[in-house]
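Visitor: next input, structure requested:
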Amino acid sequence: MLADPVFDRQRGGFDRLPLTRLEAESIAALVPPDQRWLALGVQANRDAVLGGELARYRIVHFATHSRIDPRLPALSGVLLSQVGQDGSPRQGLLSLEDVYNLRLDAGLVVLSGCETALGREVPGEGLVGLTQGFFQAGALRVVASLWPVQDRATAELMSHFYRAMLRDGQPPAAALRQAQLALARDRRWGDPYYWAGFILLGEWR
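Guide: Numbering: from 1, shown residues only. Below you'll find the predicted structure:
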């Protein structure tokens, strides 16, 4: 699980998403320590992903910004830390090419960021974007978003989603529906803007 990476405002103009750290920590609390890997802040970096660590896990969760280019999908990617431990700049984009080259054994990848389900419709190829990349990398299912999402509402949604899966034993499709219904009943998040943007793609059972 990678969350709350550190961005260099001068290089990319992206703000940190502090509630993604809360999101990740609340999810991690549902998993025994020896069965989870949590990368936060500067540790949520491209090298950590490309190093192969994620191949050990059945659920992979990214809580960060994404960059979606519907005209040139190859320029899309997941934005990870642009700053190293010593404060030096580093490559922060996990590009679509990087994603294609991952080797995952994940039943589920969750892209908890804005518009992560979008891409470009290419004849003969389908929708080219992050979701296709993660399927190519070995994921059976991907949860992604159709529009810009609000970080506090997303943290709440993901907390419900993972509790339904990991504590109540619900399959991902049912768990996502349960989480969305929970937010729909909450006064703070009742507007569909806050909860309806996330969809499950791939194997639904």
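
Visitor: okay, CA-based contacts and neighbour counts for the rest of this
Guide: Will do.

Visitor: what about Arg46, how many residues nearby?
Guide: 21 (other Cα atoms under 10 Å).

Visitor: quick check: bridge partners of the residue nearest the centre of the chain?
Guide: The centre of the chain sits closest to Leu111, judged by Cα atoms, centre = their mean, with a distance of 2.1 Å. With DSSP bridges as the criterion, Leu111 is bridged to Phe62.

Visitor: is it correct that it is in contact with Ala144?
Guide: Yes - contact status for Leu111 versus Ala144: in contact at 5.1 Å, counting by Cα atoms under 8 Å.

Visitor: gap between Gly107 and Ala63?
Guide: Per Cα to Cα, to the nearest Å, Gly107 is found 18 Å from Ala63.

Visitor: same check on Leu54?
Guide: 15 Å.

Visitor: ok, those two, which is more surrounded?
Guide: Between Leu54 and Ala63, Ala63 has the larger neighbour count (other Cα under 10 Å), namely 30 against 20.

Visitor: contact partners for the more buried one?
Guide: Met1, Leu2, Ala3, Asp4, Thr20, Arg21, Glu23, Ala24, Leu111, Ser112, Gly113 (Cα atoms under 8 Å, 6 or more residues apart in numbering).

Visitor: most neighbours among those, which one?
Guide: The most crowded member of the contacts of Ala63, judged by other Cα under 10 Å, is Ala3 (31 neighbours).

Visitor: for it, list the residues it contacts.
Guide: Thr20, Arg21, Ala24, Ala39, Leu40, Gly41, Ala44, Phe62, Ala63, Thr64 are the contacts of Ala3 under Cα under 8 Å, 6+ apart.

Visitor: ok, so of the residues you listed, who is nearest Gln170?
Guide: Proximity of those to Gln170 (Cα to Cα) peaks at Ala24, which lies at 19.5 Å.

Visitor: does the closest one lie in a helix or a strand, and which?
Guide: Ala24 is part of helix 18-28 when elements are defined by DSSP states H and E.

Visitor: just checking, what packs against that helix?
Guide: Using 3 or more Cα pairs under 8 Å, 6 or more residues apart in numbering; DSSP states H and E, the elements in contact with helix 18-28 are strand 2-3, strand 59-63, helix 151-162.
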